[in-house]
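In: predicted model, plus sequence, below.
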Amino acid sequence: MVIILNDDSDVPVYLQIRNQIVMGISDGKLKAGERLPTVRALADEIGINSMTVNKAYQMLKQEGYILTDTRNGARVRESFPRREELSSRAREELRRIISEAKLSGMSREDFFRECSRCFEGEE
Amino acid sequence: MGIKIILMICIYPVLFILHFALKYQADSSARARRIYFGVKLTAEQAAAPEVRKVSGDYNRLLGILLAVFAVLPLPALFIPWFSVYFTFQMLWMFAVIAGYLLAFVSANGKLKQIKREKGWRREEERYLAVELKSAGMIRKVNFRQFALPILVSAAAPAGSFAGLFGERLRDMSVAIGSFACCTVLFYAAAVWLDRLPVRVISTESEINVNYARAQKQLWKNFWQRGAWLNALYTVCMIPAFGRAGGLWGIFLPASALYLAAQLILLVRLLKKKKDLDVLYAGHMDMEPGDDDDKWAGGMFYYNPRDRHTFVQSRDGSGSTCNLARPGGKILMVFCGMCVLLALFSCVWVMLTEFTPIRLEVREERLIASQLKQDYAIPLVSVQEPALLKELPSFSKVSGTGMDTLLRGTFRVPEEGRCQLFLNPQNTVFIRFEYGGTIYYMSGGNDEETLEAWNALGFSQN
């Protein structure tokens, strides 16, 4: 799975890593049980501090997307906690996106159509 | 003439390496990687007439540079003074490097300007792509693959130092050891390149992983074969240095063969990398991020946000250092100091060659000096002085060996190590013993030598 990072972005790098791994799991690009690179290997590959990658992995672990142990490194979890609702942070993010859509003049129908396309995984 | 040819063999390939490397960078590598003279362009942008003109002008300039620089060193071989020839070779090498770099940097500047004027640059393209499935997981180099050539290389200086190949080789064990060290450097370079990230070429992970594996295998093979070549070359130094006058017999052909073989390995590597890019061209659906602003002149990487000290070079043919990192800065200062040292050595060699040596008896001591006082030997300690009309054959252990000056430690058959301080163009020389060491000396000319001899003889009587 390819992750795209932009160091000119307003989104911090650790959050970019976290977001793209979550999207990868959701799209099926990262399978359940699949190994992720170690913190050090990924930090070396990107050319950033290990702490940044560690922060992203800790976040993913807390959110229940990955498992980490000292022997096997990090793996995608076999099953994910089914909350069936958005986290407070995701809801906050969604509010921001809806506000931008409203301000750009997007209709409710167009917005839902866009959401539906994203939900189905269409580009 | 021998030393001039050796110097030329060492320096002359710089021209061809630079020529083919920079031509490769602007040609096949560019097409496969969408990097033209260090500037990221799409295939359509690269086909624009302005871009093609820059490319055409650059190729023409490279052809002219090759023709001019290839011819210049040949007549220079007939320069009678070594120091002038040495200075010429150094200046020629720096001119070649500067000429080629300027040609490339100029083409880079023109393309950047065209890109700016045409509005081809898009901010959203400033990204870094990382393949999660190959990060830190693909390693092709391990020590076992290099252990044998390193052992073979180490055996040559170790055996020489232990005296297995005679006394003469014992003196040369440091020189042979320096060749052996290159094998270790080959291993270090292999490890270093094996750890560098490989460019992401596709949105498909499997393609990226296979491409990275193939790239790292090519590099591993290159360094491993280079290490074996270096090990063989190091072993060849035993017969080369072991025979009196062996310089012409083995050293020169072995050095020429070694350099030619290393060049062939390099050309093969570039060709195989090009073939690999061609093979994967149909799968390259991932455009590289636009990081033109991080590449000064299209080839010098400066990115304070990147923690890598070494990164893949812009054309992907090798690696370069990040000048924003402390390691990169240290390396740049080191390179600058090497250039200054090379220029300083030209001045030093000229002073050494054109300052006549002096031999005189003063204050009851035999004083030998050139630029500084080299020897001051009390006359009462001089033993078994003799005036020679002919020098014995000898080989240099350490010191200066020029047409007009032999100074330092030399090995004379049947006498062992001796100290020489003389002008070999002279016809009379003084030989004597002092403190258990044999000395051969002369003045700047025969008159000066005879004058010193007379003073020495008077004192001895």
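Out: Sure thing, it's come through.
In: surely residue B:314 forms part of a strand?
Out: No - secondary structure of residue B:314 (DSSP: H, G, I helix; E, B strand; the rest coil): coil, not part of a strand.
In: from residue B:269, how far out is the closest residue to it other than its chain neighbours?
Out: Leaving out its chain neighbours, the residue that sits closest to residue B:314 by CB to CB, 6 or more residues apart in numbering or on different chains is residue B:38, at 4.8 Å. All C-beta atoms are positioned from the backbone trio N, CA, C, and that covers glycine. As judged by CB to CB, to the nearest Å, residue B:38 and residue B:269 stand 21 Å apart.
In: which one of these two has more residues nearby?
Out: residue B:38 (26 against 19; other CB atoms under 10 Å in any protein chain shown).
In: now do the contacts for that one.
Out: B:25, B:104, B:108, B:292, B:295, B:297, B:298, B:299, B:314, B:315 (CB atoms under 8 Å, 6 or more residues apart in numbering or on different chains).
In: for it, give me phi and psi.
Out: As for residue B:38, its main-chain torsions (degrees, to the nearest 10) stand at phi 80, psi 10.
In: now the one 4 residues further on
Out: The phi and psi torsions at residue B:42 (degrees, to the nearest 10) take the values phi -80, psi 170.
In: and it, what does it touch?
Out: Residues near residue B:42 by CB under 8 Å, 6+ apart: B:34, B:120, B:287.
In: now residue B:168
Out: Residues counted as contacts of residue B:168 (CB under 8 Å, 6+ apart) are B:241, B:242, B:244, B:395, B:411.
In: can you check residue B:285 too?
Out: Counted by CB under 8 Å, 6+ apart, residue B:285 has contacts B:201, B:202, B:203, B:204.
In: name the helix or strand for residue A:19, please.
Out: If you go by DSSP states H and E, residue A:19 is part of helix A:13-27.
In: residues of that helix that come out buried?
Out: A:13, A:14, A:16, A:17, A:18, A:20, A:21, A:22, A:24, A:25 (16 or more other CB atoms under 10 Å in any protein chain shown).
In: just give me how far that helix sits from the chain centre.
Out: 3 Å (CA atoms, centre = their mean, to the nearest Å).
In: how about stretch B:160-167?
Out: With CA atoms, centre = their mean, you get 28 Å for stretch B:160-167.
In: show me which residues of the stretch 51-200 of chain B sit near chain A.
Out: Proximity of the stretch 51-200 of chain B to chain A, by CB under 8 Å from any CB of the partner chain, involves residues B:123, B:126-133, B:135-137, B:195, B:197, B:200.
In: what about those, which one has the most neighbours?
Out: That'd be residue B:131 among these, by other CB under 10 Å, with 27 neighbours.
In: that one bridge partners, please.
Out: Beta bridges link residue B:131 to residue A:2 when assigned by DSSP bridges.
In: next, count neighbours for residue 10.
Out: All of this is about chain A. 6.
In: should've been chain B
Out: By other CB under 10 Å, the residues close to residue B:10 number 13.
In: residues touching the helix or strand containing it, excluding its own?
Out: Element membership of residue B:10, judged by DSSP H and E, is helix B:2-11. Contact with helix B:2-11 is made by B:73, B:77, B:82, B:85-86, B:89, B:92-93, B:247-248, B:251-252, B:255-256, B:259, B:401, as judged by CB under 8 Å, 6+ apart.
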